[in-house]
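> the sequence and its predicted three-dimensional model are supplied below.
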Amino acid sequence: MKATEQVTLGRTDVAVTRLGLGLAPIGGLFTAVGDEVAHATVEAAWDLGLRYFDTAPLYGCGLSERRAGAVLADKPRTEFALSTKVGRLLVPGGGDGQEFWAEPTDLAPQFDFSAAGVRRSHAESLARLGLDRIDIAHIHDPDDHLAEAVAGAYPALAQLREAGEIGAVSAGMNQAPALVELAHAGDFDCFMLAGRYTLLDQSGLDELLPVCQEKGISVLAAGVYNSGLLADPRPGAHYDYAPADRELVQRATAIRAVCERHGVPLRAAAIQFPLGHPAVASVVIGARDPQQIADNVAMFEWDVPGALWAELKAEGLLSGEVPTP
């Protein structure tokens, strides 16, 4: 499968490339990036033919949106899809910050899943991006705010969709059960599922992916390296934004050993695995410099033999029930 192949989401006319660029790293995730490298990274993705970009107000407290917009605002608007998120407003002294953003600004996030908060977030994202339209709006991390997200954020996004101001209504989370609840609570076009359908964690398969397939909700698989462990398994590697425990490192190392027997980098297997399920439309993965985005494309298009997936199942590293590419 080509990274640049395009697919439409759900019942919308929003088209994304099979590989999308996640823009959290250019917001200074874990380490500073700077404007120049961020600009070069987005340009490199464009030059490689990627046409789906995902950002959020949270990422660097607006830095990611500003840096992405500095490049994308000059591109033909009909040629790319952009998603951003709602559910956090950026305000002075906001109390819902995260410690792993390395380039502080004078604003901080504050949860707000109300309809008014969503409309304000949408308008402020457009201003930071320098764009007049957002293709996909994700309700971002409503884990502890699900009732407010259903009663406030979702209707507001549905109205924006009806008015043609956004192309698709979505939610993005690091867990599957709450997305299942949302799938039954509203008319969603897609979901971004982070870290829960990977070589190390297939919990998304239990209920969410079948529900999405049944309802025609496209899934955007993010966090396919589980914060880095599946890119480079070693002590100290991150899993879900924290140092991975020993058992997880050992499991990732065992998966890598199988990959090496087939001449396949672990990263290639990890990035291609989610697309084995028919509900998954695209894989979204971050990059913090042009070299990383070039590597992501190379891994996405690496020839992975079917025998590799069969051996992972034979070794008990994947369930026999898991669909594979």
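Okay, I see it. Fair warning: this is a prediction, and the values are worked out from it, not measured in the lab.
> quick one, helices of the stretch 1-150 of the chain?
35-47, 63-72, 115-129, 146-148 (DSSP state H, counting those that start in this stretch).
> okay, buried residues for the very next helix or strand once past the shortest one please.
Scanning forward in sequence from helix 146-148 by DSSP states H and E, the next helix or strand is helix 154-162. By neighbour count with 16 or more other Cβ atoms under 10 Å, helix 154-162 contains the buried residues 154, 156, 157, 160, 161. Any C-beta I mention is one placed from the backbone N, CA and C, and that applies to glycine too.
> packing partners of helix 154-162?
Applying 3 or more Cβ pairs under 8 Å, 6 or more residues apart in numbering; DSSP states H and E, we find helix 154-162 packed against helix 115-129, strand 134-140, strand 166-173.
> what about the last one, distance to the chain center?
Mean C-alpha position of strand 166-173 versus that of the full chain (Cα atoms, centre = their mean, to the nearest Å) differs by 12 Å.
> the first one now?
Average the C-alpha atoms of helix 115-129, do the same for its chain, and the two points are 20 Å apart (Cα atoms, centre = their mean).
> repeat that for stretch 93-106.
With Cα atoms, centre = their mean, you get 20 Å for stretch 93-106.
> same check on stretch 318-325?
22 Å.
> repeat that for stretch 282-301.
13 Å.
> list the buried residues in that stretch.
Quick answer for stretch 282-301 (16+ other Cβ under 10 Å): 282-290, 292-293, 295-297, 299-301.
> residue 27: neighbour count?
Other residues within reach of residue 27, judged by other Cβ atoms under 10 Å, total 28.
> list the contacts for the most centrally placed residue in the chain?
Nearest to the mean C-alpha position of the chain, by Cα atoms, centre = their mean, lies residue 222 at 3.6 Å. With contact set as Cβ atoms under 8 Å, 6 or more residues apart in numbering, residue 222 has these partners: 22, 54, 172, 192, 193, 194, 195, 283, 284, 285.
> one more time with 6 Å
192, 194, 284 (Cβ atoms under 6 Å, 6 or more residues apart in numbering).
> what number of residues lie near the second one?
Close neighbours of residue 194, defined as other Cβ under 10 Å, add up to 23.
> name whatever forms a beta bridge with it.
residue 222 (DSSP bridges).
> can you check the last one too?
Bridge pairing for residue 284 (DSSP bridges) gives the partners residue 20, residue 222.
> you'd agree it is up against residue 20?
Yes. Using Cβ atoms under 6 Å, residue 284 makes contact with residue 20 at a distance of 4.0 Å.
> please, which helix or strand holds the closest residue to residue 278 other than its chain neighbours?
Excluding the flanking residues, the one nearest residue 278 by Cβ to Cβ, 6 or more residues apart in numbering is residue 213, at 6.0 Å. Assigned by DSSP H and E, residue 213 belongs to helix 208-215.
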